[in-house]
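Engineer: what shape does this take:
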Amino acid sequence: MTSLNKIAVILLAILVTSCGGESEESISPPEINLVSITTTKDGEGIISPSQQNVEVGARATFTITASDGHSLSSIDGCNGKLSGNVFRTSTAINDCNIHVTFTPQATTPPISYEVTGLATVGGNISPASQRIEEGSRATLVLLPNSGFEINSVTGCAGSLSGNTYTTSPISAACAVNVTFKLKTYQATAQASTGGSVSPNSQTV
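Structural biologist: Below is the predicted model of the structure:
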């Protein structure tokens with residue numbers, strides 16, 4: 001075999017090997033880069049979800065809910081922004097943490113007013129002073145001394161039933177004033193035949 005023929009055979013063998021002898025290789029899916037966004041909190045409330053894994057370049061959202069009697073005080077982390085009760089991070093690049101602080105809500109004491117009871121000589125009024133929540137009524141008891149009775153009672157737009165005075169709904173400080181007077185009795189005199197009595201009737 002001439003040298004030219006030997007070269008031709010070698011080239012043909014290379015060509016056959018390159019076309020028919022190559023095995024197929026599996027193609028791997030592209031790698032997905034994820035970052036972890038975690039949350040921490042102080043106080044009573046819920047962060048939902050508590051943690052997310054998102055792709056680099058994506059954003060994550062969290063719902064912030066304060067427990068009853070508490071309110072959201074502050075939130076920061078991951079360069080996010082709060083809208084309503086939804087916190088949305090900026091574009092995720094690295095792992096980061098969101099910290100939320102919940103604080104107890106301050107309780108406002110109910111508005112109340114002083115109702116004062118004032119009495120003249122001859123009796124008492126009880127209680128002499130009390131604080132009543134706005135919109136509620138006060139009840140006072142009028143106590144005449146022996147030999148006295150209630151003469152008049154006014155104040156706080158109330159009404160008297162027996163010895164109990166009940167105010168209208170209280171909207172401002174006010175006073176109940178009661179006066180007492182001596183009880184009076186009607187004395188009648190009658191004379192028998194042979195004389196007379198004067199006066200025959202009087203109030204004592």
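Engineer: so which residue is dead centre in the chain?
Structural biologist: What sits nearest the mean C-alpha location of the chain, by C-alpha atoms, centre = their mean, is G69, with 4.8 Å.
Engineer: just for this protein, where's the confidence low?
Structural biologist: 1-26, 187-192, 194-204 (pLDDT under 70).
Engineer: now do 90
Structural biologist: Along the chain, segments meeting pLDDT under 90 span 1-32, 106-109, 184-204.
Engineer: only alpha carbons, please: show whatever helix or strand L142 lives in as CSV.
Structural biologist: Assigned by DSSP states H and E, L142 belongs to strand 139-144. The C-alpha coordinates for strand 139-144 follow below in CSV (Å, rounded to 0.1, in the frame of the first residue of the first chain):
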residue,chain,number,x,y,z
THR,A,139,-77.8,57.7,93.2
LEU,A,140,-77.9,59.6,96.6
VAL,A,141,-79.9,58.8,99.7
LEU,A,142,-81.5,61.6,101.7
LEU,A,143,-81.5,61.0,105.5
PRO,A,144,-83.7,63.4,107.5
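Engineer: ok, it: who's next to it in the sheet?
Structural biologist: Here strand 139-144 has these sheet partners by DSSP bridges: strand 123-126 (antiparallel), strand 164-166 (antiparallel).
Engineer: how far does the longest one sit from its chain's centre?
Structural biologist: Mean-position distance between strand 123-126 and its chain equals 41 Å (C-alpha atoms, centre = their mean, to the nearest Å).
Engineer: hmm, who's touching it?
Structural biologist: Applying C-beta atoms under 8 Å, 6 or more residues apart in numbering, the contact partners of strand 123-126 are 117-119, 140-145, 148, 150, 165, 176, 178, 180. For every residue, glycine as well, the C-beta is placed using N, CA and C.
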